[in-house]
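Undergrad: Sequence and computational prediction follow.
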Amino acid sequence: MNTTAKFPRMHVSLYVADMQKTIDFYTTFFGQEPSKVKAKYAKYELENPSLIISFIENKDRVQAHFGHLGFQVGTVEEMKERLAVAKEQGIVEREEIGTACCYAVQDKFWVNDPDGVQWEVYYFHEDAQFNDPHYEVGKAVSEKACC
C-alpha cells in the first residue's frame with residue numbers, strides 16, 4: 001500500500017429528521033443545490049473543500065452530542081466574507097473572534113442545522129497554550145464547547 005497517497009475527498013453521512021428542512025439549510029449554508037435528491041436522501045458534492053456529504057432521513061437514528069463539524073478557511077478576509085453571507089442568510093448561531101479554542105487562537109462563527117448538528121467556520125491564527133475557560137467541562141456552556 002502506498003502510504004503517501006492522499007485521499008481525494010472526504011465523505012460524511014448524517015441521519016436527519018426532516019429531509020426538506022435539511023436540504024433548505026444546507027443549500028443555504030453551502031451556497032449550492034444538492035447533486036442528488038431521492039426519497040429520504042440528499043447528497044452534496046463540494047469542490048472546495050473537497051467533501052461529499054449525504055443525508056439519510058431516519059428520525060430514530062439522529063444522534064445528538066457527537067461533537068461538531070467544521071471548515072477551516074485560509075484567510076481572515078475569507079472568514080469575514082463567509083460570516084457576512086451567513087448573517088445575511090440568518091443562519092449564524094454565534095460568533096467568536098480571537099477565542100482560544102482547542103488550544104488555538106481562532107476567529108469563527110457557528111451555525112446549527114435543523115437537527116442541531118453544529119458547524120464551525122474558522123480561521124486559525126496560531127497555537128495557544130490554553131483553552132478559553134468557558135469551554136472547560138462542567139461549565140454551563142460546555143454543550144456548546146468547541147472541542
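TA: Cool, got the structure. Not measured: the values here are computed from a predicted model.

Undergrad: Okay, now the unreliable bits of the chain?
TA: Residues of the chain that meet the criterion pLDDT under 70 lie in 1-5, 132-147.

Undergrad: again, only this time at 80
TA: Applying pLDDT under 80 to the chain picks out residues 1-8, 64-67, 102, 130-147.

Undergrad: So which elements touch the longest helix belonging to it?
TA: As assigned by DSSP state H, the longest helix anywhere in the chain is helix 76-89. Under the contact criterion of 3 or more C-beta pairs under 8 Å, 6 or more residues apart in numbering; DSSP states H and E, helix 76-89 touches helix 19-30, strand 104-112, strand 118-127. (Each C-beta comes from the backbone N, C-alpha and C, glycine too.)

Undergrad: quick check: angle from the next helix or strand after it to helix 76-89?
TA: Using DSSP states H and E, the next helix or strand after helix 76-89 towards the C-terminus is strand 94-101. Angle, strand 94-101 to helix 76-89, by axes from the mean of the first three to the mean of the last three C-alpha atoms, to 10 degrees: 150 degrees.

Undergrad: Give the buried residues for strand 94-101.
TA: Glu96, Thr99, Ala100, Cys101 (16 or more other C-beta atoms under 10 Å).

Undergrad: any idea how far the residue positioned nearest the centre of the chain lies from Asp127?
TA: Closest to where the C-alpha atoms of the chain average out (C-alpha atoms, centre = their mean) is Trp119, at 2.3 Å. According to C-beta to C-beta, to the nearest Å, Trp119 stands 23 Å off from Asp127.

Undergrad: Repeat that for Tyr44.
TA: From Tyr44 across to Asp127, the span is 32 Å (C-beta to C-beta).
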